[in-house]
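> I need the structure of the sequence given here:
(2 chains)
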Amino acid sequence: MPFEAVNSKVVRARVSPATPVLARRGAMLGYSGQVTFRPVHGQGRGVGGMAGAALSGESTPMMATEGQGEVLYGYKGLHATLLELDGSAPLVCEADRLLVHDAGLQTSVAFLGSGGIRSAIGGAMTGQGLFTTNVHGRGSVALLSHGGAFPLQLNGTQVGVDPQAYVGHVGRLTVDLAAKVGLRDVVGRGSGEAFQLRISGHGTVYVQASEQKS
Amino acid sequence: MTYPPGNPYGGNPYGGQPQPGYGGPPPGGAPAGVPDTLDAQTLPDDDNVNPYVFCVALNGDWFMSKGAMLAYYGDVRFEAVTEYSSVQAWVAARFSSPVYVQDWVVASGRGKVLIGNRGFDLNSYDLDDGNLTIKARNLCAFSPQLELKQSIVPGFVTLLGTGKFIASSNGPVIFVEPPFRADPDALLGWADCPSPSVHHDAQWMTQSLRGMLSGALGRASGEERQYDFTGQGTILLQSSEVAREDPAVLRLVESQTQLLTDTQAGALGQRLVARAQQS
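The predicted structure follows:
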């Protein structure tokens, strides 16, 4: 387990020549040992790759940390949640939620939602976007959230999540954007809860304690 | 420097106990035994009310950052350090930093003063004939037994002597020992060790340059510049690399432009105008 929570907002990663890590650019707080940083362009070697990342806007500048030492990571005072991926299912989240992860993990860009014009409107209006990042493989990930992310376990049940509070999910889950757009929402008089992510299946959904993204 | 007992984090960076590594456990909410409603009697004496609010039991004078005061009980007056120093000559001697003087007030009288800083975590520190350099923007209050000096490192101040001070941090403070390199923005301060030197990550810069040349995004993130600590001591780190705007930085830089000749100052002015027009 290369990552360790120093406190609710800071993660310590032990870096060695065999286990480099990828982190969000600008997230390094400090380090000891012989460590070098290298900017990484594009979104990794996954299926979507760089072309997909550029198209979707799902490309957060990342950097590689190599060498031998201990590095502290934190970003803008956001809370960091540690996850261990066992390789059975990818982690799905927004690219800018990734604080740091094992460099051995693969990232790719994928569609979220059932598609069609309805989710296109939804993505535009919630600012949540149509694309998400999939993190594949076996290793550690630290996810950023505002106010801390808590896991919701799903066993064949369904849960509705505010798109702004949604952080990410792991497991065999289907995500459906339920839009209930009436005339009131268009003129800005709606309940403010017109959009919901309907998540069902088996797995874990991470929800943050705030509707603020960063 | 030791934590007072009853500190919400329970960490004791270097009192009698060994250094526990990178800080203590996260805050566990309000300390036990605090009633729901507080008044002048039930407020703690010189202790945290919760991780984000500190209560100073005032009896005499204290230096406080402007805007740090949330509320107070009792007979307390707040006066600007600049005005107060004309009445009390010792104030000017204790507070020897003209760049920061206009951001500070002297609270005098008897009572309880609650201090907060935008929901940042607050900690009190006891200096025992020591020195501690801290980011000026994060220093909230200090007792008049301490002496404040402006550090050579821009944006930092040094506290000298024996006394108590209160500082804020984004998230709990992390204590580390040198050798260590810190992001300048995440750095909160350092104690008992030599001033940092600047370390440039050469690999980062060459890689960034290559990125820029190949047309990809190669914006400087500041990651290439770190403060390098060596020797004995303790480094204080906070959980965020977001630097808050420090109004004193402008005055600080302006005071240093006196090193420039008139021609150089003119050239600098032109560059600054060009930069302001770009953004």
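
> where does chain A have low pLDDT?
Along chain A, the parts satisfying pLDDT under 70 run over A:1, A:41-59, A:110-131, A:178-195, A:213-214.

> all helices for chain A, in order.
Per DSSP state H, chain A carries helices over the ranges A:49-56, A:116-126, A:183-186.

> what about the strands in chain A?
Secondary structure of chain A (DSSP state E): strands at A:3-7, A:10-15, A:21-24, A:28-40, A:62-73, A:79-86, A:91-93, A:98-102, A:106-111, A:131-136, A:138-145, A:149-161, A:166-179, A:195-208.

> mind putting those in JSON lines, distance to B:Gly233 and mean neighbour count included?
The way it works is simple: take the backbone N, C-alpha and C, and place the C-beta from them, glycine included. Shown next, in JSON lines, are these (distance: least, C-beta to C-beta, whole Å; neighbours: other C-beta atoms under 10 Å in any protein chain shown):
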{"stretch": "strand A:3-7", "distance to B:Gly233": "19", "mean neighbour count": "19"}
{"stretch": "strand A:10-15", "distance to B:Gly233": "20", "mean neighbour count": "23"}
{"stretch": "strand A:21-24", "distance to B:Gly233": "27", "mean neighbour count": "23"}
{"stretch": "strand A:28-40", "distance to B:Gly233": "14", "mean neighbour count": "21"}
{"stretch": "strand A:62-73", "distance to B:Gly233": "18", "mean neighbour count": "20"}
{"stretch": "strand A:79-86", "distance to B:Gly233": "27", "mean neighbour count": "18"}
{"stretch": "strand A:91-93", "distance to B:Gly233": "39", "mean neighbour count": "24"}
{"stretch": "strand A:98-102", "distance to B:Gly233": "28", "mean neighbour count": "25"}
{"stretch": "strand A:106-111", "distance to B:Gly233": "40", "mean neighbour count": "19"}
{"stretch": "strand A:131-136", "distance to B:Gly233": "39", "mean neighbour count": "22"}
{"stretch": "strand A:138-145", "distance to B:Gly233": "29", "mean neighbour count": "23"}
{"stretch": "strand A:149-161", "distance to B:Gly233": "36", "mean neighbour count": "14"}
{"stretch": "strand A:166-179", "distance to B:Gly233": "38", "mean neighbour count": "20"}
{"stretch": "strand A:195-208", "distance to B:Gly233": "37", "mean neighbour count": "20"}
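
> can you put those in a markdown table and add distance to B:Leu237?
Formatted as a markdown table, these follow (distance: least, C-beta to C-beta, whole Å):
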| stretch | distance to B:Leu237 |
| --- | --- |
| strand A:3-7 | 9 |
| strand A:10-15 | 8 |
| strand A:21-24 | 16 |
| strand A:28-40 | 6 |
| strand A:62-73 | 7 |
| strand A:79-86 | 15 |
| strand A:91-93 | 27 |
| strand A:98-102 | 16 |
| strand A:106-111 | 28 |
| strand A:131-136 | 28 |
| strand A:138-145 | 17 |
| strand A:149-161 | 23 |
| strand A:166-179 | 25 |
| strand A:195-208 | 24 |
